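1. what follows is a predicted protein model with its sequence.
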Amino acid sequence: MTRTNVFSRDDHEPLLSSTSEELKPEFEDNEDVRDTQSCATSKLAIAILLTSVCPLIIVLTTFHYLYPHTPNESNESTLNAAYNTSQEYVILASDSNLHYVLTIPFAVQHWRNLNVSSIVMLCGTEAEYANNRATREVVAELQRLGAVVLYFKNNTLKSNNFAQNMRNFAAATSFVQRHPSNSTILITSDVDYFPFRKEDHFPDVRHGMRIVVFNPDCWILPNDIATGEYMEAKTNQMFDGQLDQYLHKINWLWYLDQRLFGLQFYRLMQKHPEYEKLISGHSLKKRIGRGLTPEEISKIDIREYDDAHISPAIYNETIWRTNRVFFRKIFSEDQAILLENYRNRAVKFVNATEIAERHFHPG
């Protein structure tokens, strides 16, 4: 599922009334840890494209009301990178788990081909990524591609849970807060998701739309659709003190960010029923999924599909053989060669057996 909303600043009424200050964030002098809670303001709306096992979601809404407590960001090495003229950013996040982080540059290149810049949120410190030879290659490739790389220190949640959920807070990062604009859109996506038509994930602002829902059937479990109150109560219960009971329930892990956002936006809808008029929808028609052979991928006409959701495990030679055929279809030859060279450098430092033994993904 995908949801999107639009920025609203001085020349427009904010989506929500608030006593928040004007967008003048103040930061601590300490570059290592910043509390970004003060950055949130009701006059900033964000476009978030949340993606999980069933990509994906775009949402724009006032940040402060959704997430009053934001994560701490540390050591933003590319904070002063040139601001994207299109002001459209995709948000990609990961911890140092090589099952995911290795494939991020491929996603960055794809979004770049769609004229969307990338903000990569990494769980951990810059030194931790620099001291590991595989992740060092990842960061170097991200920098070559012009991605904004932000590091976030995790003090409480497990890193995979933190990485999954910190995407919700992208609008409160120093980088975004230092470049506010009515036209800025943040698309929060997965590292293994490749849309072919970005216009499917943007609201029709000409007709007053602020939120577009893409692939809505994927966001709520089928047995929960019939009883929205049950879904809200279950999610509410979890975030009101029972989170620890769900952190190790493997299927819950991949939906926590969506359910957190869904709960908060549900509460807003109760207070502001008029928000329903801001929403439009778009359904997924045809997707390139996992489990295809290289021969099957080679016969696919990309123009007949909406998107692709592939395995991120490019360190695995079997998966790489399939993904390589897919990447050759969506990238130019020069782009593909550079990315393949990066992959071949990085996997030299990867223990594929160790990663497979401690990793799980429900799809």
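-> Looks like it arrived, so ask away. Residues are numbered from 1 along each chain as shown.
2. quick one: the strands in this protein?
-> 34-35, 45-50, 57-62, 72-74, 88-94, 117-123, 148-152, 185-188, 193-195, 211-214, 279-282, 287-288, 307-309 (DSSP state E).
3. what's the least confident stretch among those strands?
-> In terms of mean pLDDT, the lowest-scoring of the strands of the chain is strand 34-35 (a mean of 28).
4. check contacts around residue 344.
-> Neighbouring residues of residue 344 by C-beta atoms under 8 Å, 6 or more residues apart in numbering: there are none. Quick note: C-beta positions are derived from backbone N, CA and C, even for glycine.
5. cool, the one 3 residues further on as well?
-> Under the criterion of C-beta under 8 Å, 6+ apart, the neighbours of residue 347 are 102, 134, 314-315.
6. ok, residue 336 touching residue 325?
-> No. Using C-beta atoms under 8 Å, residue 336 and residue 325 do not qualify as a contacting pair, with a distance of 10.5 Å.
7. before we move on, back to that, of the contacts of residue 347, which pair is most distant in space?
-> The largest separation in the contacts of residue 347, counting by C-beta to C-beta, is between 134 and 314 at 11.6 Å.
8. now for these two: what residues contact both?
-> Residues touching both residue 134 and residue 314 by C-beta under 8 Å, 6+ apart: 102, 347.
9. the more surrounded of the two?
-> residue 314 (26 against 19; other C-beta atoms under 10 Å).
10. so how far is residue 279 from the more buried one?
-> Noted for residue 314: a distance of 36 Å to residue 279, by C-beta to C-beta, to the nearest Å.
11. all the helices of the stretch 101-250 of the chain, residue numbers only.
-> Ranges of helices within the stretch 101-250 of the chain are 104-113, 126-131, 133-144, 159-165, 174-177, 222-225, 228-239, 250-253, based on DSSP state H, counting those that start in this stretch.
12. buried residues in the second one?
-> For helix 126-131, a neighbour-count test (16 or more other C-beta atoms under 10 Å) marks 126, 129 as buried.
13. also the first one?
-> Using 16+ other C-beta under 10 Å as the burial criterion, the residues of helix 104-113 that qualify are 104-112.
14. quick one, it and strand 117-123 angle?
-> Here helix 104-113 runs at an angle of 160 degrees relative to strand 117-123 (axes from the mean of the first three to the mean of the last three C-alpha atoms, to 10 degrees).
15. CA atoms only for helix 104-113, dumped as CSV, please.
-> C-alpha atoms of helix 104-113 as CSV (Å, rounded to 0.1, in the frame of the first residue of the first chain):
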residue,chain,number,x,y,z
ILE,A,104,20.9,-0.3,-1.2
PRO,A,105,23.1,1.2,-3.9
PHE,A,106,21.0,-0.6,-6.6
ALA,A,107,17.8,1.0,-5.2
VAL,A,108,19.5,4.4,-5.1
GLN,A,109,20.5,4.1,-8.7
HIS,A,110,17.0,3.1,-9.7
TRP,A,111,15.4,6.0,-7.9
ARG,A,112,18.0,8.3,-9.4
ASN,A,113,16.9,7.2,-12.8
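16. that one - what's its average pLDDT?
-> Here helix 104-113 scores 97 as its mean pLDDT.
17. who does it touch, helix- and strand-wise?
-> Applying 3 or more C-beta pairs under 8 Å, 6 or more residues apart in numbering; DSSP states H and E, we find helix 104-113 packed against strand 88-94, strand 117-123, helix 133-144, strand 193-195, helix 317-330, helix 333-346.
18. again, only this time at 7 Å
-> strand 88-94, strand 117-123, helix 133-144, helix 333-346 (3 or more C-beta pairs under 7 Å, 6 or more residues apart in numbering; DSSP states H and E).
19. could you tell me the angle between it and helix 333-346?
-> Using the same axes, to 10 degrees, helix 104-113 lies at 160 degrees relative to helix 333-346.
20. what sits against the nearest residue to residue 308 once chain neighbours are set aside?
-> Spatially, and ignoring its direct neighbours in sequence, residue 308 is nearest to residue 288 (3.8 Å; C-beta to C-beta, 6 or more residues apart in numbering). Each residue near residue 288 by C-beta atoms under 7 Å, 6 or more residues apart in numbering is listed here: 300, 305, 308.
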